[in-house]
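Visitor: have a look at this prediction, sequence included:
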Amino acid sequence: MAKNKTTETESSVIDFINTTVEDETKRNDAFELIKIMQQQTGFEAKMWGPGIIGFGSYHYKYDSGHEGDAPLAGFSPRKAAISLYLYLPDNKEELLSKFGKHKAAKGCVYIKKLADIDVEILKKMVSGSAEYLQKLYPSI
C-alpha cells in the first residue's frame, strides 16, 4: 500500500508563507485564513506535506484497507489560487451558492482572494467541516 505524501510536519507555517507566497495580497490572505481557521476549528496551524496548512486532524480507514491522517480543514496558498480543503457533505451547494467568486472541485474550493468571498460563509464551512469529520472519525 502506498504511503501518504501529505502528513503533518514540523515545518514552520510562517516561514512557508513568507518564503513561498510571493503575491502580497495572497500572503496577507493566508495569514487571515490562519486566524479564521484557528478560530473556527480550535486548532493551531500545522504544515501538512510541503504546501498545505492544516488545522486539527482525524484518522480515517476505508473499507479497502487504506488509512491515514488528514487535517479537519486546511488550505494551500498556491500561485494560481488558494485551495480550500473542506469536507461539506450536507449543505455544500447551499453554502457555495452564497459564498462568492470561487471554483469548486470534488475535494477543494478555489478562490483568488478573500475579498471575493463572504467570510461569514467561509467560517460556517470551516466549522462544519471540522465538526462533521470529528463525528465521522471520532478519536479513540
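Guide: Great, that's in hand.

Visitor: now do the contacts for the nearest residue to Gln39 once chain neighbours are set aside.
Guide: Closest residue to Gln39 apart from its sequence neighbours, by Cβ to Cβ, 6 or more residues apart in numbering: Lys123 at 7.7 Å. To be clear about C-beta, it is placed using only N, CA and C from the backbone, and glycine gets the same treatment. Counting by Cβ atoms under 8 Å, 6 or more residues apart in numbering, Lys123 makes contact with Ile36, Gln39, Gln40.

Visitor: now these in a markdown table, with distance to Glu67?
Guide: Output for the contacts of Lys123, formatted as a markdown table (distance: Cβ to Cβ, whole Å):
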| residue | distance to Glu67 |
| --- | --- |
| Ile36 | 29 |
| Gln39 | 30 |
| Gln40 | 26 |
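
Visitor: among those residues, which one has the most neighbours?
Guide: Each of the contacts of Lys123 was scored by neighbours using other Cβ atoms under 10 Å; the highest score is Gln40's, at 21 neighbours.

Visitor: tell me the secondary structure of that residue, please.
Guide: Classification of Gln40 using DSSP: H, G, I helix; E, B strand; the rest coil returns helix.

Visitor: relative to Ser76, how far out is it?
Guide: Distance from Gln40 to Ser76, counting by Cβ to Cβ, to the nearest Å: 17 Å.
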